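Engineer: Need the 3D shape of this:
(chains A, B, C and D)
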There are 2 protein chains.
Amino acid sequence: MTGPRALSTEGSPRGRKRGSHSLEAVLSAAVALLDEAGAPALTFRALAARLGTGVGTIYWYVSNKEELLDRATDHAIGGVLALVEAQPESDDPIADLRAMAITLFDAIVDRPWLSAYFMRNTDVQGNSLRLYEKLGQQTLRLDLTPRQRFHAVSAVTGVVVGTAADLGVEAPQEVLDGHVDRDAYLGRFVEQWRSLDGAEFPFVQQIADEFAGHDDRDQFLAALELTLSGLRLQAGTR
Amino acid sequence: MTGPRALSTEGSPRGRKRGSHSLEAVLSAAVALLDEAGAPALTFRALAARLGTGVGTIYWYVSNKEELLDRATDHAIGGVLALVEAQPESDDPIADLRAMAITLFDAIVDRPWLSAYFMRNTDVQGNSLRLYEKLGQQTLRLDLTPRQRFHAVSAVTGVVVGTAADLGVEAPQEVLDGHVDRDAYLGRFVEQWRSLDGAEFPFVQQIADEFAGHDDRDQFLAALELTLSGLRLQAGTR
DNA sequence: TTCCACTATCGAACGTCGTTCGTTACGGCG
DNA sequence: CGCCGTAACGAACGACGTTCGATAGTGGAA
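Structural biologist: Numbers count the residues shown, from 1 in each chain, chains lettered A, B, ... in the order given. Next up is the predicted model:
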């Protein structure tokens, strides 16, 4: 055998001699490493050290790093899914869609490494699919064609991931570590942008001030709102 | 000295003994490697071999891999910028915005590696900034507040990059190599999706057929249209 | 001419990474 | 007891990014 293939069948935790390893423990430790210091911190050696095992052991539960990342991502998405499923359903599908998108966005902001792997995860049975389903179910309540529903969901996830990736990556290591103040970091850009030629860069100059005091969340909410109002318009005119 | 710092001052190509290296040549070769086999193919050793030099030489033009990727990305964006600047301006700013977004999308589809590095590129003076400016200039022609303009541009780029990244990553190596037919690859998902429990996954089931015959470009255009119609609504109601 | 600083090039060497593989050990079953 | 499936382990391998000392060619100053 090459290892356990089924994810959900984590059956019968019978007694083990040392450190209850199991896939669950591996994934939790992987997510913890990712949370603490981002993607580069997740190495097989670091993971083995944290689990108190050897590197070879991890390969028993996971066949390579790609699968490790996929499973860790799905593990994290599971938390998002739980939040989304706990959300009460209102009488406005678009409002519910908004709430779900915001929940997903917040999760990615919390875990910037998610943005890079969220879409790479093509695992067909998993929490990502369930989340996709949850979003789609809201479009079922709208007067749309199946194709429009399909496009609507991909548009919403596109906005969430696109914006979150943009913002998450925007902050370099020095800011994440707290060594450099975020406002000071943004200030550098504002200063450079303001000093540009006004004839050649009229937009960037006008925007510099907005950028100085901008809030990532507002930026995302505005982008989401454009998509959702477009969707509402579409649902009303059929 | 630690190397040439200025990007644009590629002055006086005087005669050199062997292989006219220069930053320009390094970047072109890097982009070529990325185009041919994606991000993992771009290594310092492969790049040196292609240029007929040693690995150390590349570090004379570029201080590390991150900078190499940033500059290579900016190099590629330069091509997009040229296309965007060549576009004639119509009397409808939103139509022009759409055309620019499509140009950018097509470029990313052509070069999937761009999606991963497009946003990471925080280089303040560069083609990315100029492209950002070009998009923003269209919003200057709309009746919006500066903040709304700022949000509009970030929404559009978010949709483009988010969707392009989704679609670009969707195709694994086997499809890129042509070993597996794209329709057959998509068919696997459709089959699995259709076999799901209809009570638990009503949306995914309904969407499976759409997914089978779907076109990436249409999917993007639909998402973009939602954002743009939301923007048009916003510009009209102020 | 000689000298020196600058520009540019080179590849061996270092440490880290993902991954492989031979080996060991335990527990239940015939 | 011997066997087999499960689980664990870490040395070793090749590839990677990066560093560094050595080595020229060039142009101006002395």
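Engineer: What separation do you get for the spatially closest residue to residue A:168 that is not a sequence neighbour and chain B?
Structural biologist: Once flanking residues are discounted, residue A:168 sits nearest to residue A:112: 3.6 Å by Cβ to Cβ, 6 or more residues apart in numbering or on different chains. The C-beta positions use only the backbone N, C-alpha and C, and glycine is treated the same way. Residue A:112 sits 12 Å away from chain B when distances are taken as Cβ to the nearest Cβ, to the nearest Å.
Engineer: Just to check, residue A:112 is in contact with residue A:216?
Structural biologist: No. Counting by Cβ atoms under 8 Å, residue A:112 stays clear of residue A:216, with 11.3 Å between them.
Engineer: Got the phi and psi for the residue nearest to residue A:168?
Structural biologist: phi -60, psi -30 (degrees, to the nearest 10).
Engineer: repeat for residue A:145
Structural biologist: phi -80, psi 160.
Engineer: for the lengthiest helix in chain A, packing partners?
Structural biologist: For chain A, the helix with the greatest residue count under DSSP state H is helix A:146-170. Counting contacts by 3 or more Cβ pairs under 8 Å, 6 or more residues apart in numbering or on different chains; DSSP states H and E, helix A:146-170 is packed against helix A:93-110, helix A:113-118, helix A:127-140, helix A:216-236, helix B:146-170, helix B:202-212, helix B:216-236.
Engineer: Can you report how many residues neighbour the residue nearest to residue A:168?
Structural biologist: Residue A:112 sits with 20 neighbouring residues when counted by other Cβ atoms under 10 Å in any protein chain shown.
Engineer: ok, it to residue A:163 distance?
Structural biologist: Distance, residue A:112 to residue A:163, by Cβ to Cβ, to the nearest Å: 12 Å.
Engineer: got it, and residue A:34?
Structural biologist: To residue A:163, residue A:34 is 21 Å away according to Cβ to Cβ.
Engineer: out of these two, which sits in the busier spot?
Structural biologist: Neighbour totals were compared for residue A:34 and residue A:163, and residue A:163 leads with 31 against 22 (other Cβ under 10 Å).
Engineer: pLDDT at the more buried one, what is it?
Structural biologist: Here the pLDDT value assigned to residue A:163 is 91.
Engineer: What backbone torsions are found at the residue of chain A found nearest DNA strand D?
Structural biologist: Closest residue of chain A to DNA strand D, Cβ to the nearest atom of the strand: residue A:56 (1.9 Å). Dihedral pair for residue A:56: phi -60, psi -30, per degrees, to the nearest 10.
Engineer: For burial, what's the neighbour tally of it?
Structural biologist: 9.
Engineer: Residue A:41 now?
Structural biologist: 15.
Engineer: now do residue A:59
Structural biologist: Neighbours around residue A:59, by other Cβ under 10 Å: 15.
Engineer: Distance check, the residue nearest to the spatial centre of chain A against DNA strand C.
Structural biologist: Taking Cα atoms, centre = their mean as the criterion, residue A:108 is the residue nearest the geometric centre of chain A, at 3.5 Å. According to Cβ to the nearest atom of the strand, to the nearest Å, residue A:108 stands 22 Å off from DNA strand C.
Engineer: was I right about that residue contacting residue A:116?
Structural biologist: No. With contacts counted by Cβ under 8 Å, residue A:108 stays clear of residue A:116, the gap being 9.9 Å.
Engineer: Next, show the common contact partners of these two.
Structural biologist: Common neighbours of residue A:108 and residue A:116 (criterion: Cβ atoms under 8 Å, 6 or more residues apart in numbering or on different chains): residue A:165.
Engineer: Walk me through the domains of chain A.
Structural biologist: A:22-62, A:76-236 (automatic domain parsing).
Engineer: quick one: the nearest residue to residue A:116 once chain neighbours are set aside from residue A:105, how far?
Structural biologist: With Cβ to Cβ, 6+ apart as the criterion, residue A:116 has its nearest non-adjacent residue at 6.7 Å, and that residue is residue A:39. Residue A:39 is 19 Å from residue A:105, where distance means Cβ to Cβ.
Engineer: who has more neighbours, those two?
Structural biologist: The neighbour count for residue A:39 versus residue A:105, taken as other Cβ under 10 Å, is higher for residue A:105 (24 against 12).
Engineer: Could I get the contacting residues of that one?
Structural biologist: Applying Cβ under 8 Å, 6+ apart, the residues near residue A:105 are A:160, A:163, A:164, A:217, A:220, A:224.
Engineer: how about the residues of chain A near DNA strand C?
Structural biologist: A:17, A:42, A:43, A:44, A:45, A:46, A:55, A:56, A:59, A:64, A:65, A:66 (Cβ under 7 Å from any atom of the strand).
Engineer: Using JSON lines, lay out the residues you listed together with pLDDT.
Structural biologist: JSON lines is the format used below for the residues of chain A next to DNA strand C (pLDDT from 0 to 100):
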{"residue": "A:17", "pLDDT": "38"}
{"residue": "A:42", "pLDDT": "98"}
{"residue": "A:43", "pLDDT": "98"}
{"residue": "A:44", "pLDDT": "98"}
{"residue": "A:45", "pLDDT": "98"}
{"residue": "A:46", "pLDDT": "98"}
{"residue": "A:55", "pLDDT": "97"}
{"residue": "A:56", "pLDDT": "96"}
{"residue": "A:59", "pLDDT": "97"}
{"residue": "A:64", "pLDDT": "96"}
{"residue": "A:65", "pLDDT": "97"}
{"residue": "A:66", "pLDDT": "94"}
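Engineer: ranking the residues you listed by neighbours, who comes first?
Structural biologist: residue A:42 (21 neighbours).
Engineer: Could you find the closest non-adjacent residue to that residue?
Structural biologist: In space, residue A:42 is closest to residue A:33, 4.8 Å off (Cβ to Cβ, 6+ apart).
Engineer: Secondary structure element for the one you found, which one?
Structural biologist: helix A:22-37 (DSSP states H and E).
Engineer: Quick one: list the elements packing against that helix.
Structural biologist: Under the contact rule (3+ Cβ pairs under 8 Å, 6+ apart), helix A:22-37 is packed against helix A:44-51, helix A:55-61, helix A:65-86.
Engineer: buried residues in stretch A:189-200?
Structural biologist: Using 16 or more other Cβ atoms under 10 Å in any protein chain shown as the test for burial, stretch A:189-200 gives A:189, A:190, A:193, A:196.
Engineer: Just the element for the first one, please.
Structural biologist: Assignment of secondary structure by DSSP H and E places residue A:189 within helix A:182-194.
Engineer: what secondary structure does residue A:214 sit in?
Structural biologist: Put simply, residue A:214 is coil when judged by DSSP: H, G, I helix; E, B strand; the rest coil.
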